[in-house]
Structure formats: C-alpha cells, structure tokens
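Peer 1: fold the following for me, if possible:
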Amino acid sequence: MTRRVRIGMLGTRHGHAAGKWQALCTNPLVEPVGIYDPDPAPKDQFPDARWMPSAEALLEDPTVAAVAVEARNHQSLPLARAAIDAGKHIWFDKPAGDDWLAFQRVMRHASERRLHVQMGYMFRYSPGFARIAELAHIGNLGQIFAVRAHMSTNVDLTERREQSRHLGGIMYDLGGHVLDQVVWLLGRPTRIRTAFQNVATSELPEYSDNTVAVLEFNQALATIDIAAMEPRPAARRFEVYGTAGSAILEPFDPVRTLRLADHDSARVLHLEPVQRQRLYDLELVAFLEVVQGIRPPDRPPEHELLVQETLLRTTGRLAI
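Peer 2: As a prediction, this is how the structure comes out:
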C-alpha cells in the first residue's frame, strides 16, 4: 500500500482555507496532520482538525512532507519562508505577499533544496481554461492580439478593510487568478497601465473597489477589470482573440460554456459545471504528484515568479 503523504496547514484566514482543508481530508493519498493558527477562523469550518500548539509542531516534524499556507495575504510570506527553511514543500495560497524580493528568496531557496512551491491559482485546473491554453499553445487561435477578463465579486466592509492593507485593493486580491492565465498565454508584459477607483465604500477611501488594468505585449493587449460590488452570482468572463480564431468562457466560475470561433464557423460547447471544491481537489492531485516525483509541475517556478511580479507591477507595488 502506498504510504500517505503527511501534510499540515499553516493559517486559516485565507478565503480558500476551508476548501483546501477539505481537499486534504478527502484525498486518500494524504494524511492531514493538523492546523496551526494563533487566531483561527471558526473551527467548525475545519471538521476533525487537530489544532497544533505552534508552527514548529508542524515544521519540526520530519514526517511532515508539506504544508498548505492559508494565512491572510500579509501574513503568508514569512510562513512560506519558514516552511521552505524547514524542508517542506508548500501549497501556497495566493497572492504571495507584497515583498517581491522576499518572494524571490523563497523561490530561490526552494529551488536550492529541490522543494516544490505551487501557488493556489485553482482555475489552472478548470477544463475551460485548460482548453483555451491548449488551443493557444498549439497555434489554433493564430497570433493572439487581445485578451479580456472580467472577474468581479462582492465583498463586505470587514473584508474590504482587510484587503485595504494592500495597494490595488480588489485587483490585488483577485487579479492574480486572471494574470496567471494571461501570462501563461502571452508571457511578460512590456508595459502596464491601471485605473483604480473607490466607488462604493466611503468609509475606506484608501480601498480600490473598481479597478482596470491594461497590459501591453509586443503584439497584444490584455484588459482586466475587477470590482468589489457586483451582485452575486458574478458574471465572470474570459475572452481570447487571435488572428485564426477566438475562445470565450462565460461564465468561468463555475464554467458553463466555451464559445469557439474560426474563420468559417462558430460553436458553443456546453461544459459540465466544475464547482470550486473540485478545482481545489485537482490542485492537490497535481501538487501530490510533483511531491511524489511522478511528474513535473504544471507551472514551472519561473511562471510562479512571473505571475507575482506582474501582479505587483499591476497594483503599483513594483515599478519595473
């Protein structure tokens, strides 16, 4: 019988934390060791969890192979560094903090220790996004000249206060998801222009709740708009346009339809909706197979670095 991989969790306050814990608990190849958080989210979100007395209780245990980092975004990067220093692979929820140099050091140290860092961008495992990337990379869409992404949400005042720690507001919190897709298709943008507003929250004038970014590439433009006050369910949409065809996901969370067009025809594929928890489960499968040496990462370390660099450029944290 295959020995289960022992994995713990550091932090519980990230919006994906409960889903990641469920993934750990339901995967038969994982032994969920426990959770450490000095200020945990409601514990009923983490059924049957063993609550650890300290981070060291996980990090100094030689039988623990990996940890999921699920703290708030301003807390997660030091935890990721501690996990790498302790020799653990990390399933690291997005985005990777505000300190670009510190994240580069984490990735460099992980590479030196042959440890895997997988960022928590779950739409990589959406069949709709995967199909678009496949079509783009094999050339079926021709030369991509435009990408458009709309990924709004609705967040309450408490969450807005939390997000206001970061430049870019809602773009910082959610933008990495679509930037992950955009740079996978187009590479590093040559220039980024942004427009951020505060429309709905007069209590937090520093919080950007209505945001747009335009990314320039050598032969393409990508436009991303994200707001924090769209009624649920949000109408999330991802569009890719090339000289030989186009591909449009609408909505993409959960994915329902993929419209494909070429020079002569158009067709709409009605896809089976893939719920968020399933995407977390697929993320974990990919993470485990890399940790076990079964296959290489779906995204190389250079891509994880590029997504974070692009996000920090987009939000104004990084001027390069």
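Peer 1: now the helix or strand bottoming out on mean pLDDT in the chain: how far from the chain's centre is it?
Peer 2: Among the helices and strands of the chain, strand 266-270 carries the lowest confidence by mean pLDDT, DSSP states H and E, at a mean of 87. Chain-centre distance of strand 266-270: 27 Å, with C-alpha atoms, centre = their mean, to the nearest Å.
Peer 1: quick check: buried residues in the following helix or strand past that strand?
Peer 2: The helix or strand immediately downstream of strand 266-270 is helix 276-291, counting by DSSP states H and E. Of the residues in helix 276-291, 278-284, 286-291 count as buried by neighbour count, 16 or more other C-beta atoms under 10 Å. All C-beta spots, glycine's among them, are computed from the backbone N, C-alpha and C.
Peer 1: of those residues, closest to residue 247?
Peer 2: residue 279 (19.1 Å; C-beta to C-beta).
Peer 1: contact partners for the residue nearest to the closest one when sequence neighbours are not counted?
Peer 2: Excluding its sequence neighbours, the residue lying closest to residue 279 (C-beta to C-beta, 6 or more residues apart in numbering) is residue 122, at 3.9 Å. Contacts here follow C-beta atoms under 8 Å, 6 or more residues apart in numbering; on that basis residue 122 touches 16, 276, 279-280, 282-283.
Peer 1: can I get these in CSV including distance to residue 149?
Peer 2: Formatted as CSV, the contacts of residue 122 follow (distance: C-beta to C-beta, whole Å):
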residue, distance to residue 149
16, 19
276, 18
279, 17
280, 21
282, 21
283, 20
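Peer 1: ok, of those, which one's closest to residue 159?
Peer 2: Out of the contacts of residue 122, the member with the shortest distance to residue 159 (by C-beta to C-beta) is residue 16, at 13.6 Å.
Peer 1: measure the closest one to residue 273 for me?
Peer 2: Applying C-beta to C-beta, to the nearest Å, the value for residue 16 to residue 273 is 19 Å.
Peer 1: between those two, which is the more surrounded one?
Peer 2: Taking other C-beta atoms under 10 Å, residue 16 and residue 273 do not tie; residue 16 has more neighbours (18 against 11).
Peer 1: next, the contact list for that one, please.
Peer 2: Residue 16 touches 70, 93, 120, 122, 280, counting by C-beta under 8 Å, 6+ apart.
Peer 1: what of residue 140?
Peer 2: By C-beta under 8 Å, 6+ apart, residue 140 lies in contact with 244-245, 262.
Peer 1: recalculate using a threshold of 10 Å.
Peer 2: 134, 242, 244-245, 247, 260, 262 (C-beta atoms under 10 Å, 6 or more residues apart in numbering).
Peer 1: distance check, residue 119 against residue 69.
Peer 2: 10 Å.
Peer 1: neighbour count: those two, which is higher?
Peer 2: It is residue 69, of residue 119 and residue 69, that has more neighbours when counted by other C-beta under 10 Å, with 28 against 23.
Peer 1: show me where the stretch 51-200 of the chain has helices.
Peer 2: 55-59, 76-85, 100-112, 127-137, 157-163, 170-186 (DSSP state H, counting those that start in this stretch).
Peer 1: quick one on the thing from earlier: report the angle between the least confident helix or strand of the chain and helix 127-137.
Peer 2: 150 degrees (axes from the mean of the first three to the mean of the last three C-alpha atoms, to 10 degrees).
Peer 1: strand 266-270 pairs with which strands?
Peer 2: Using DSSP bridges, strand 266-270 pairs in its sheet with strand 257-262 (antiparallel).
Peer 1: thank you kindly, that will do.
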